[in-house]
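**Q** Provided below are the primary sequence and the corresponding predicted coordinates.
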Amino acid sequence: MKRKKARSLCALVVGIALLLSGISSALGASAAPPHPYRIVALGDSLTYGYEPGQTEKSVPYGYADRLYEQALFHGRAKLDNYGILGLRTEGLSKLLQGAADGIPLTSADLQDFSMVEDARVTKQADSVAARTVELKASLSEADLVVMTIGGNDFGDFLKKVLQLSNEDALNALEDELSAIMNKYTENVEKAIRQTSSLAPHARILLTDQYLPLPKLFKRELYDALFEKAVNPLTSAVDGLAAKLRGEGIQVESVHIAEAFKGQEGLMTYMNLGITGGNSKPDIHPRQPGYEAIAKAFSAAVWKEYRQPAPRKTDVPVSLVIGGKELISANKPAMKNNITYAALGDLLKAVGTKYQWTAKTKTAVFQKGSYKVSVTVGVKSATVNGKKVTLSAAPYLQKVGKEQQVYVPVELMAKALQYNIVYRSTIQTVFINP
């Protein structure tokens, strides 16, 4: 009798579980969205993406932003950028210590910014230093941490060397550089150890430093600087990374110096004083320089650097769905800042198709637990029996001899819970499950 009751109770539990499962399915319950690939960018003005002429309202487009776009080619992604203008290695270490302690800081807590003439630099440093609690949370979830740091450590020495005679410059390289290099390596090692502690699941990538000096500035000194400064610094970064990997810290060196060699005039603003105008030469990268840095990072992470295929003049945007660019005779459209695409193309890219009812001009499709219907001219969709508002109504577009149902691409987010990101910098919409 007890066994029969036990079997009956077990059957009841299983039956309830199946019933609840069916109800959940009917209501459209689904698994949690995938964890985005989280990138944290640390460092100086290169990390920030600074270029001469930027204002407080300017939106930088540096290597970190490009790396975020590369991540979107591979799935959902998130970028948190904590780059600080003028930051040195000791300032980075203090910022990380503030994050570990959970204490908001000011720029003065990081390093002495009093020599900086532009008050906007201190203001920007203050804004990032105050976000140490946020930084700690970002690092705890990070999959990848990227760093460019050190240019400001060597900046004053480089300026001094360039003002000396060749003989005195070579002597300075012999007599003074090693101490600066040792201090740099010591500070960077500390910062990487702090980062590893705060970001235990992340890969850490650290670059070497490019020489921001076109050869035509001082031809005689150019080769000596590479031999006695740039190459030893690259070796120091490589050696430090190898040492820390031996201790189990996930850190790798990324080489950017070689990419800039011989291209400094094209990749930085150092030739401004030569080409005319009132602008002073500036060590920061131009857009090609930032792209070169992003390519180096991307090669380390994904072994590639992807770009959308060239678009015809009548194609406003590229669409990348689940990592694959959508190439179709049915061109994407943009109306009133809303991006549209052919529904059939969108669904084919995610492995399904729709059924069309001509009388009502309604398309019905199913993907996983979602059953969706949309009607031409109606600014809403029905998802598992529930109405979902759209920004714009689907419409019919004749392509060749066929009529295509065009829908706002936001349908993929509102109906299927896909993640949609538009990057105006490369005119591309990323749609990721």
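**A** Thanks, I have the structure now. Numbering: from 1, shown residues only.

**Q** Now do the strands in the stretch 151-300 of the chain.
**A** Using DSSP state E, counting those that start in this stretch, the strands of the stretch 151-300 of the chain run over 203-207, 251-254, 268-269, 282-285.

**Q** Among these, which comes closest to residue 314?
**A** strand 282-285 (33.0 Å; Cβ to Cβ). Every C-beta, even on glycine, is put in place using the N, C-alpha and C of the backbone.

**Q** how far out from the middle of the chain is that closest one?
**A** Offset of strand 282-285 from its chain centre (Cα atoms, centre = their mean, to the nearest Å): 21 Å.

**Q** List the neighbouring strands of that strand plus their orientation.
**A** strand 268-269 (antiparallel) (DSSP bridges).

**Q** could you dump the strands of the stretch 151-300 of the chain to a markdown table with mean pLDDT, distance to residue 74 and mean neighbour count?
**A** Formatted as a markdown table, the strands of the stretch 151-300 of the chain follow (pLDDT from 0 to 100; distance: least, Cβ to Cβ, whole Å; neighbours: other Cβ atoms under 10 Å):
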| stretch | mean pLDDT | distance to residue 74 | mean neighbour count |
| --- | --- | --- | --- |
| strand 203-207 | 99 | 14 | 22 |
| strand 251-254 | 99 | 18 | 20 |
| strand 268-269 | 94 | 30 | 23 |
| strand 282-285 | 94 | 25 | 22 |
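
**Q** okay if I get those as a markdown table plus distance to residue 232?
**A** Shown next, in a markdown table, are the strands of the stretch 151-300 of the chain (distance: least, Cβ to Cβ, whole Å):
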| stretch | distance to residue 232 |
| --- | --- |
| strand 203-207 | 15 |
| strand 251-254 | 14 |
| strand 268-269 | 21 |
| strand 282-285 | 19 |
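
**Q** out of those strands, nearest to residue 66?
**A** Judging the strands of the stretch 151-300 of the chain by Cβ to Cβ, what sits closest to residue 66 is strand 282-285, at 11.5 Å.

**Q** Can you give the contact residues for the closest one?
**A** Residues from elsewhere that reach strand 282-285 (Cβ atoms under 8 Å, 6 or more residues apart in numbering): 45-46, 50-52, 62, 151, 155, 212, 267-270, 272, 292-293.

**Q** Neighbour-wise, which one of those leads?
**A** residue 46 (29 neighbours; other Cβ atoms under 10 Å).

**Q** Let me know whether it touches residue 81 as I believe.
**A** No: applying Cβ atoms under 8 Å, one finds residue 46 not in contact with residue 81, separated by 11.2 Å.

**Q** What part of this protein, helix or strand, is modelled with the least confidence?
**A** helix 2-26 (a mean of 40; mean pLDDT, DSSP states H and E).

**Q** Now do whatever helix or strand comes next after that one against strand 203-207: the angle between them, please.
**A** Using DSSP states H and E, the helix or strand that follows helix 2-26 in sequence is strand 37-43. Orientation note: strand 37-43 sits at an angle of 40 degrees relative to strand 203-207 (axes from the mean of the first three to the mean of the last three Cα atoms, to 10 degrees).

**Q** Mind giving me the packing neighbours of strand 37-43?
**A** helix 63-72, strand 77-83, helix 89-101, helix 132-141, strand 144-148 (3 or more Cβ pairs under 8 Å, 6 or more residues apart in numbering; DSSP states H and E).

**Q** most tightly surrounded among the ones you listed?
**A** Ranked by average neighbour count under the criterion mean count of other Cβ atoms under 10 Å, the helices and strands packed on strand 37-43 are headed by strand 144-148 at a mean of 26.

**Q** what's the lowest-pLDDT member of the contacts of strand 282-285?
**A** The lowest pLDDT within those belongs to residue 272, with 64.

**Q** want to throw the helices and strands packed on strand 37-43 into a markdown table with mean pLDDT?
**A** Output for those, formatted as a markdown table (pLDDT from 0 to 100):
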| stretch | mean pLDDT |
| --- | --- |
| helix 63-72 | 99 |
| strand 77-83 | 99 |
| helix 89-101 | 99 |
| helix 132-141 | 99 |
| strand 144-148 | 99 |
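
**Q** could I get those as TSV with distance to residue 183?
**A** Putting these into TSV (distance: least, Cβ to Cβ, whole Å) gives the following:
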stretch	distance to residue 183
helix 63-72	25
strand 77-83	21
helix 89-101	8
helix 132-141	24
strand 144-148	17
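
**Q** Identify whichever of these lies nearest to residue 198.
**A** Per Cβ to Cβ, nearest to residue 198 of the helices and strands packed on strand 37-43: helix 132-141, 4.1 Å.

**Q** and the angle from the closest one to strand 77-83?
**A** Using the same axes, to 10 degrees, helix 132-141 lies at 140 degrees relative to strand 77-83.

**Q** Would you mind measuring from residue 77 to residue 70?
**A** In this structure, residue 77 and residue 70 are 9 Å apart, going by Cβ to Cβ, to the nearest Å.

**Q** now do residue 83
**A** 18 Å.

**Q** Residue 312: what secondary structure?
**A** Three-state call for residue 312 (DSSP: H, G, I helix; E, B strand; the rest coil): coil.

**Q** Can you tell me the closest non-neighbouring residue to it?
**A** Leaving aside its sequence neighbours, residue 312 sits nearest to residue 331 (Cβ to Cβ, 6 or more residues apart in numbering; 7.9 Å).

**Q** got the contact list for the one you found?
**A** Per Cβ under 8 Å, 6+ apart, neighbours of residue 331: 312, 314, 315, 399.

**Q** Can you classify the residue lying closest to the second one once chain neighbours are set aside as helix, strand or coil?
**A** What it means is residue 314. Once flanking residues are discounted, residue 314 sits nearest to residue 331: 6.8 Å by Cβ to Cβ, 6+ apart. Secondary structure, three-state DSSP: residue 331 is coil.

**Q** could you pull out the helices for the stretch 201-350 of the chain?
**A** 219-225, 231-245, 257-260, 264-267, 272-275, 287-302, 343-349 (DSSP state H, counting those that start in this stretch).

**Q** name the helices or strands packed onto the third one?
**A** Pointing back at helix 257-260 there. helix 231-245, helix 287-302.

**Q** in the stretch 251-400 of the chain, which ranges drop under the pLDDT threshold?
**A** 272-279 (pLDDT under 70).

**Q** mind redoing it with 50?
**A** 274-275 (pLDDT under 50).

**Q** before we move on, back to that, for residue 345, which of the strands of the stretch 151-300 of the chain is the nearest?
**A** That would be strand 203-207 among the strands of the stretch 151-300 of the chain, by Cβ to Cβ, at 35.1 Å.

**Q** From residue 142, how far off is the closest residue to residue 294 other than its chain neighbours?
**A** Once flanking residues are discounted, residue 294 sits nearest to residue 66: 3.6 Å by Cβ to Cβ, 6+ apart. Going from residue 66 to residue 142 by Cβ to Cβ gives 18 Å.
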